[in-house]
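Asker: What would the 3D arrangement of this be:
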Amino acid sequence: MSLEQLWLFITLTFIVSASPGPVMLSCMADAGRFGFAKSIYTMLGASTGNLVLMLLSAVGLGLLVGEAEWIFHTIKWIGAAYLVYLGIALFLAAPHNLQDELPTIRSSHLFWKSLLVAVTNPKGLIYFGALFPQFIDIHQPMTPQFTLLTLIFLATDLLWMAIYALGGSAIMRWLKSPSHQRWFNRLSGGALIAAGIALAFTQL
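Answerer: Model (predicted):
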């Protein structure tokens, strides 16, 4: 892989990761509701989910999904339904008393919830399955190249997740008002529902 190809991959990854998809919205919502420290588990879960997708694409599942359309649609509908479920739950969530301390939630819950959001996003599998091969030189050892691309993607995606989470964490003072919390929950929940509906209409 040439230096020019590497910079192109970094640029594409930076732009793609910046888009406000389900994972980024989840990071922002969790940081806004539970604080930045808790949202770290959301980021770790999403990164683990993306790593799973990258490993699957490495063994050719991305190509398999391209050949077997029903697999794509099954993953798509599971992911869409889960996002809508999360959105409705957040939309209907009651405000917490943030005057004294943040509401408690298990870190493992945030981790696994975010991992499931990432893994059930079929666009991720198609993205990794279609993008990575374009930047791998088949005449060179593939494992080091794939490892490098994976680390670049995970680092870039984690950077953007942290930026979104910091944005959510920055409005914690504003969220101390119960009415503000209701609006935040409704806007965040609505965004997740919209992301789920958009995912349902994703084409292969």
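
Asker: Convert the host helix or strand of F184 to CSV, retaining C-alpha atoms only.
Answerer: In this assignment (DSSP states H and E), F184 forms part of helix 178-200. Taking Å, rounded to 0.1, in the frame of the first residue of the first chain, the C-alpha atoms of helix 178-200 are listed here in CSV:
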residue,chain,number,x,y,z
PRO,A,178,-36.5,18.2,34.1
SER,A,179,-38.1,20.0,31.2
HIS,A,180,-34.8,20.2,29.4
GLN,A,181,-34.2,16.5,30.0
ARG,A,182,-37.5,15.7,28.5
TRP,A,183,-36.6,17.6,25.4
PHE,A,184,-33.2,16.0,25.2
ASN,A,185,-34.6,12.5,25.6
ARG,A,186,-37.2,13.2,23.0
LEU,A,187,-34.8,14.7,20.5
SER,A,188,-32.2,11.9,21.1
GLY,A,189,-34.9,9.2,21.0
GLY,A,190,-36.4,10.7,17.9
ALA,A,191,-33.0,10.7,16.2
LEU,A,192,-32.5,7.0,17.0
ILE,A,193,-35.9,6.1,15.7
ALA,A,194,-35.2,8.1,12.5
ALA,A,195,-31.9,6.2,12.2
GLY,A,196,-33.7,2.9,12.6
ILE,A,197,-36.2,3.8,9.9
ALA,A,198,-33.4,5.0,7.6
LEU,A,199,-31.6,1.7,8.2
ALA,A,200,-34.7,-0.2,7.3
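
Asker: helices or strands up against it?
Answerer: Here helix 178-200 touches helix 22-34, helix 69-91, going by 3 or more Cβ pairs under 8 Å, 6 or more residues apart in numbering; DSSP states H and E. (Each C-beta comes from the backbone N, C-alpha and C, glycine too.)

Asker: for it, which positions count as buried?
Answerer: If you call a residue buried by 16 or more other Cβ atoms under 10 Å, then helix 178-200 has these buried ones: Q181, F184, N185, S188, G189, A191, L192, I193, A195, G196, L199.
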